[in-house]
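Engineer: Could you look at this predicted model? Sequence included:
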Amino acid sequence: MTNHYVEDYSPGRGALTPRAWYPLSDAKALSLNGSWRLRVSPTADAEDDSFAEPGFDAGDWARVVVPGHWVLQGDGCFGRPAYTNHRYPFPVDPPRVPTENPTGDHLRVFDLPEDWPADGGAVLRFDGVESCARVWLNGTDIGEFKGSRLPHEFAVGHLLERSGNVLAVRVHQWSAGSYLEDQDQWWLPGIFRDVTLLHRPAGSAGDFFVHASYDHHTGRGTLLVDSDIEGRVTVPALGIDIATGETVTVPVCPWSAEVPTLYEGELTTEGERVPLRIGFRTVESADGLIKVNGRAVLFKGVNRHEWHRETGRALDLETMRQDVLLMKRHNLNAVRTSHYPPHPAFLDLCDEYGLWVIDECDLETHGFVEQAWRDNPADDDRWTPALLDRAARMVERDKNHPSVIIWSLGNEAGTGRGLTAMAEWIHARDTSRLVHYEGDGSCRDTDMYSRMYAGHAEVEQIGKELDGGTRKRRELPFILCEYAHAMGNGPGGLADYQRLFEAYDRLQGGFVWEWIDHGIAHPGLGYAYGGDFGEELHDGNFVCDGLLFPDRRPSPGLVEYKKVIEPVRIVPDGTGGSVRVTNGYDFADLSALAFEWSYQADGETVASGSLSVPALAPGESADVKLPQPPAGHEAVETQWTVRAVLAADTAWAPEGHEIAWGQIPVAARPLPVLRPAVRPVLGPVAGDGVITLGPAAFDARTGAPKAIGAIEVSDLRLDVWRAPTDNDEGTDWLTGSCDAKLWRDLGLHRMRHRLDAVEPGENALTVRTRVAPAASEFGLTTVYRWTSDGDRLRLAVSVSPDGEWPAPLPRLGVRLALACADTVRWFGAGPGEAYPDTKSAARLARHESTVDGLQTPYLRPQENGARADVRWAEIGGLRIEGDPAFHLTARRWTTEQLDAATHLTDLTPGDTVWVNLDHALHGIGTASCGPSPLPQYQLRAQRAEFSFVFSQLH
Ligand code: IPT
């Protein structure tokens with residue numbers, strides 16, 4: 001039994017032609033958000049539509065909050081969320097959908113406000129309904145629509161009553177439209193964006209198009225407002241008062257993401273006043289580059305899905321603003337609205353605060369890749385009207401936003417005529433912006449060459465213009481519309497990408513995948529991910545791959561990204577006495593920033609002051625003299641830290657907010673040496689099964705330390721295992737290999753420690769071992785050599801691999817257990833976690849935290865929390881100095897427990913604190929979707945020697 005509207009190719013019936021969106025004053029609009037009645041049925045045709053009739057008694061129906069998704073309300077009694085990446089969760093037989101098609105009948109009764117004008121018409125607007133809806137007002141069927149993240153409006157003036165209006169909306173989870181909405185995210189049916197009744201006075205504008213360009217040669221802006229009804233356009237600050245359709249050119253300040261100058265204006269027609277916010281800017285593809293206002297831009301971007309841990313894709317204005325503020329505060333300048341147009345208010349915020357936007361159409365047919373793209377809707381004329389409808393609804397809604405500089409046809413929809421038709425339509429309708437689409441390597445429809453997750457080497461080839469491809473493609477500028485997959489710990493390699501983007505003009509930056517983990521707040525699991533709702537098909541925690549945790553706390557990945565893309569570079573200039581400052585903005589000079597220096601001795605700041613830096617223009621550099629280094633710190637490691645901070649409050653951050661920083665080493669660190677013995681070294685003596693050496697007692701049988709002074713120590717031994725990260729678990733696109741699989745196959749998670757000798761000698765206790773997994777010939781000959789000066793204890797570890805190891809090592813160091821520990825202090829990189837290819841943001845200083853504070857709560861537990869370049873650390877009553885510096889990790893559970901956990905709630909702290917002191921760690925990379933760590937960040941099994949000096953703190 002087909003259900004024609006749900007399962008046909010058409011975009012719908014009855015909706016008005018799409019038009020520009022603008023925020024409305026309350027007087028003209030009645031929000032129909034709030035509590036609605038809801039009845040959920042398991043199939044599309046199980047219930048009749050009598051509920052739409054006035055007088056229907058829905059008194060026993062449940063209630064649901066609109067905007068919202070019914071599966072995220074009602075504690076599961078309305079059904080459950082489901083997550084798949086690209087696979088369709090139903091049989092692929094377009095345009096048919098399953099009989100099991102959860103259907104939500106929604107009812108809302110409303111009165112018109114007292115002051116609702118008697119004249120004119122009215123429009124009922126839905127900003128987003130997943131996946132399709134049929135609408136009745138007062139018993140009259142007014143239409144049906146698909147296109148979940150697109151607005152649909154209906155003329156309803158003739159149907160309205162002063163009171164007791166019955167609005168009935170039948171929503172189906174699945175429709176033909178679902179084939180076009182196969183984005184990697186939760187499937188969440190519902191009326192998830194605003195529902196509004198708009199009063200439309202006679203003589204009000206239907207649609208209008210603000211054209212506001214900027215000529216960087218003359219510094220003048222040209223304004224033209226096209227409208228389907230005549231009116232006047234005023235911009236008081238510019239003295240503009242023109243008719244619609246008329247052009248005016250005046251001196252203006254241009255709009256850019258860095259300096260987002262908006263002019264308030266008004267479009268006055270016979271019937272209404274429409275507020276305008278005008279940003280003058282010109283977008284073009286010129287000299288093979290994406291240029292705005294005559295200058296090439298470098299995108300420091302992110303892909304943003306709409307997400308809230310409780311309300312899913314129903315976001316309130318404050319959450320949207322929080323996203324924009326977080327982006328601005330982390331130096332981002334661009335956002336791709338993956339993979340659908342966002343709530344329209346988000347774009348207002350981008351206009352206001354300044355972000356370049358790639359506005360992407362609600363189109364993805366990725367599941368067809370499973371059948372080699374056969375029957376792909378993007379290449380099937382029957383679907384083209386639906387595709388064109390989607391393109392038009394996006395462009396018409398969002399065309400007046402200066403922040404939107406690129407239209408994207410969609411994501412992962414293969415190739416085909418439908419896409420070409422969309423591109424042609426968009427190019428014709430809007431000549432003032434560029435068109436993006438990644439999925440067609442020929443670039444026939446696009447104004448830029450775009451890729452996802454290409455490795456560094458390939459990106460560099462593209463930068464050098466040594467890539468192949470069609471002639472057209474070779475002439476286009478390049479962006480990575482997705483790169484650096486922020487799933488779990490990572491992404492690694494951001495700084496290496498950024499170096500390439502900054503080295504080659506053709507590389508105009510990229511958009512990290514993605515902004516926020518789509519974890520769903522869950523009473524038992526903390527956060528739920530794919531599979532946690534009993535889905536038949538799911539893709540696990542692949543939906544948790546954001547720079548923000550679901551509660552919008554920045555992950556270490558975002559902190560790293562902020563540093564990597566900082567718009568000011570502060571580096572040593574080689575002389576020691578000055579620092580080189582470079583303005584990396586595309587438009588702004590440095591006048592908004594203040595600079596500060598500080599001087600650290602052994603990590604502690606001993607002097608600070610302000611630094612005067614000229615207001616450099618974009619691209620300019622200057623060498624700025626530093627003061628005389630403060631005297632009296634000659635015996636310790638010293639360095640300068642120079643910071644660039646906001647000189648005054650901005651709309652998005654307060655005065656003093658840090659934008660960029662750099663460190664300039666002065667004196668190197670003296671390595672820890674054992675002082676001449678303060679009392680005679682007794683040398684190891686045997687007795688009672690204990691060997692004593694200086695402050696330490698060892699088990700005479702195993703050679704393992706039991707205590708250092710009064711501090712109990714146990715289980716000290718070589719450790720090479722880490723709980724694989726999501727990136728370790730991924731398969732490198734280029735090599736097809738998976739680190740975690742190699743490691744488990746090799747048995748690195750179950751190493752045996754064979755004791756070969758415990759040798760108390762003249763001045764040292766030597767313990768010889770071979771560390772190797774069962775069933776393998778590979779091993780690590782490991783020698784521990786303990787010495788002491790009476791107070792302090794030195795452990796020198798030497799490791800030599802037997803044979804040619806077939807895999808990198810996860811880590812190389814020692815682990816030990818402490819009976820208790822809480823506060824952790826260290827001099828090294830921090831304050832956050834840092835791995836070999838994720839350590840740009842960690843700065844050298846003295847840091848303090850707690851064992852709990854060192855943990856990074858990745859939704860699927862995995863290796864985390866290492867602190868890098870640690871010179872010394874104090875933990876659990878011990879002081880540990882490294883020779884050379886080391887990585888420090890401490891947690892209240894073992895690596896094995898961390899590895900076994902699937903959710904954070906699986907981790908239960910014990911009394912013991914497990915400490916890893918690592919000589920080296922394997923890099924992080926981004927193989928959860930993309931390449932593994934670059935060769936220089938891979939930890940090869942090779943001979944290594946490293947030492948630690950332990951002492952008890954008093
Ligand atoms: C890419 C998708 O565009 C994106 O939506 C997301 O699924 C991402 O992968 C992985 O998280 S497509 C893939 C073939 C690289």
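Structural biologist: Ah, there it is.
Engineer: what residues does the stretch 201-350 of the chain put near the ligand?
Structural biologist: Residues of the stretch 201-350 of the chain lying close to the ligand (C-beta under 6 Å from any ligand atom) are His339. C-beta here means a position set from N, CA and C on the backbone, and glycine is covered the same way.
Engineer: So which residues of the stretch 201-350 of the chain form strands?
Structural biologist: 208-215, 220-227, 231-235, 240-243, 247-251, 263-269, 273-278, 283-286, 289-292, 295-296, 299-303, 334-336 (DSSP state E, counting those that start in this stretch).
Engineer: mean confidence score for the first one?
Structural biologist: If I follow you right, that is strand 208-215. Regarding strand 208-215, the rounded mean pLDDT is 98.
Engineer: Can you tell me how far the residue sitting nearest the centre point of the chain is from the ligand?
Structural biologist: Centroid-nearest residue in the chain: Trp515, 2.6 Å away (criterion: C-alpha atoms, centre = their mean). Trp515 sits 12 Å away from the ligand, taking C-beta to the nearest ligand atom, to the nearest Å as the criterion.
Engineer: likewise Ala631?
Structural biologist: Following C-beta to the nearest ligand atom, the distance that separates Ala631 from the ligand is 54 Å.
Engineer: And Leu742, by the same measure?
Structural biologist: Relative to the ligand, Leu742 is positioned 22 Å away (criterion: C-beta to the nearest ligand atom).
Engineer: Can you report how many residues neighbour that residue?
Structural biologist: Per other C-beta atoms under 10 Å, the neighbour tally for Leu742 reads 15.
Engineer: Can you get me a residue count around the closest residue to it other than its chain neighbours?
Structural biologist: In this structure, Leu742 finds its nearest non-sequential neighbour in Ala807, 3.9 Å apart by C-beta to C-beta, 6 or more residues apart in numbering. Neighbours of Ala807 under the rule other C-beta under 10 Å: 19.
Engineer: Surely Ala807 and Arg744 touch.
Structural biologist: No - Ala807 is beyond contact range of Arg744, at 10.0 Å (criterion: C-beta atoms under 8 Å).
Engineer: for this protein, where's the lowest mean pLDDT among helices and strands?
Structural biologist: Here the helix or strand of the chain ranked lowest by mean pLDDT, DSSP states H and E is strand 685-687, holding a mean of 63.
Engineer: Now do the same contact list for Leu30.
Structural biologist: 110, 112-113, 116, 196-197, 199 (C-beta atoms under 8 Å, 6 or more residues apart in numbering).
Engineer: Quick one: low-confidence residue ranges for the chain.
Structural biologist: 1-2, 25-27, 46-47, 676-687 (pLDDT under 70).
Engineer: quick one, domains of it?
Structural biologist: With domains defined by automatic domain parsing, the chain comprises 3-200, 208-282, 285-563, 566-667, 685-952.
Engineer: In the protein, which residue sits closest to the ligand?
Structural biologist: Nearest residue of the chain to the ligand, counting by C-beta to the nearest ligand atom: Asp184, 3.1 Å away.
Engineer: List the residues that contact that residue.
Structural biologist: By C-beta under 8 Å, 6+ apart, Asp184 lies in contact with 84-86, 339, 366, 539, 542-543.
Engineer: same question, Arg860
Structural biologist: 488, 529, 540-541, 544, 726, 901-903.
Engineer: Please report the distance of it from Pro935.
Structural biologist: Distance of Arg860 to Pro935, computed by C-beta to C-beta, to the nearest Å: 27 Å.
Engineer: would you list every one of the helices in the stretch 701-850 of the chain?
Structural biologist: In the stretch 701-850 of the chain, the helices defined using DSSP state H, counting those that start in this stretch lie at 739-746.
Engineer: same deal with the stretch 851-954 of the chain?
Structural biologist: Under DSSP H, counting those that start in this stretch, the stretch 851-954 of the chain gives helices at 895-900.
Engineer: Point out the residues in it that sit beside the ligand.
Structural biologist: Cys929.
Engineer: let's go with 8 Å and repeat that
Structural biologist: Contact residues, the stretch 851-954 of the chain versus the ligand (C-beta under 8 Å from any ligand atom): 928-930.
Engineer: still on that earlier bit, and of the domains of the chain, who's closest to Leu674?
Structural biologist: The closest of these to Leu674 is domain 685-952. By C-beta to C-beta, the value is 4.0 Å.
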